[in-house]
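Asks: turn this into a structure:
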Amino acid sequence: MKSIETILFALFVGMTPNSIDPVSQLTLSASEPCPAAKLHYIVGARFIRKGMSVDTDGPVLFEHDLPEPYRVLSPGDATTMDFVGRRLNVHLDAQGRVMRVRCG
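Replies: Okay, the predicted model is just below:
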């Protein structure tokens with residue numbers, strides 16, 4: 001498994017998505033909180049939903065690579081206010097790029 005630093009470097013030098021270890025390879029123990037702090041490098045990446053093809057150059061984040069539990073929030077989405085400490089929240093901008101990641 002590649003280190004987070006290696007993945008970060010790969011994203012920013014423009015390697016193809018298939019050459020990057022997926023986010024889903026992060027291993028979390030049952031007592032560990034959500035991985036938002038480990039995933040700061042995905043900010044700015046284009047988000048690709050399940051079943052969609054890659055239609056962009058540059059860094060991408062595939063939905064199928066996200067660790068469970070997660071939710072993806074686009075501008076204007078209705079959300080519940082429940083707090084789930086292990087859940088990863090991925091916030092997108094209007095163009096489908098990751099704006100921030102946080103727990104809850």
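
Asks: so where do the strands sit in the chain?
Replies: 46-48, 60-62, 70-73, 88-92, 98-103 (DSSP state E).

Asks: got a list of contacts for the fourth one?
Replies: What it means is strand 88-92. Residues outside strand 88-92 that contact it (CB atoms under 8 Å, 6 or more residues apart in numbering): 34-36, 39, 42, 47, 61, 66-67, 69-75, 98-104. C-beta here means a position set from N, CA and C on the backbone, and glycine is covered the same way.

Asks: hey, what's the spatially closest residue to residue 40 that is not a sequence neighbour bridged with?
Replies: Spatially, and ignoring its direct neighbours in sequence, residue 40 is nearest to residue 101 (7.1 Å; CB to CB, 6 or more residues apart in numbering). Counting by DSSP bridges, residue 101 forms beta bridges with residue 90.

Asks: tally of neighbours for residue 101?
Replies: 22 (other CB atoms under 10 Å).

Asks: same question for residue 60.
Replies: 21.

Asks: correct me, but it touches residue 54?
Replies: Yes. In terms of CB atoms under 8 Å, residue 60 counts as a neighbour of residue 54; the distance is 5.9 Å.

Asks: circling back: taking the contacts of strand 88-92, please make a PyMOL selection of just the buried ones.
Replies: In PyMOL, this line selects whichever of the contacts of strand 88-92 come out buried by 16 or more other CB atoms under 10 Å:
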select buried, resi 34+35+36+39+42+47+61+66+67+70+72+98+99+101
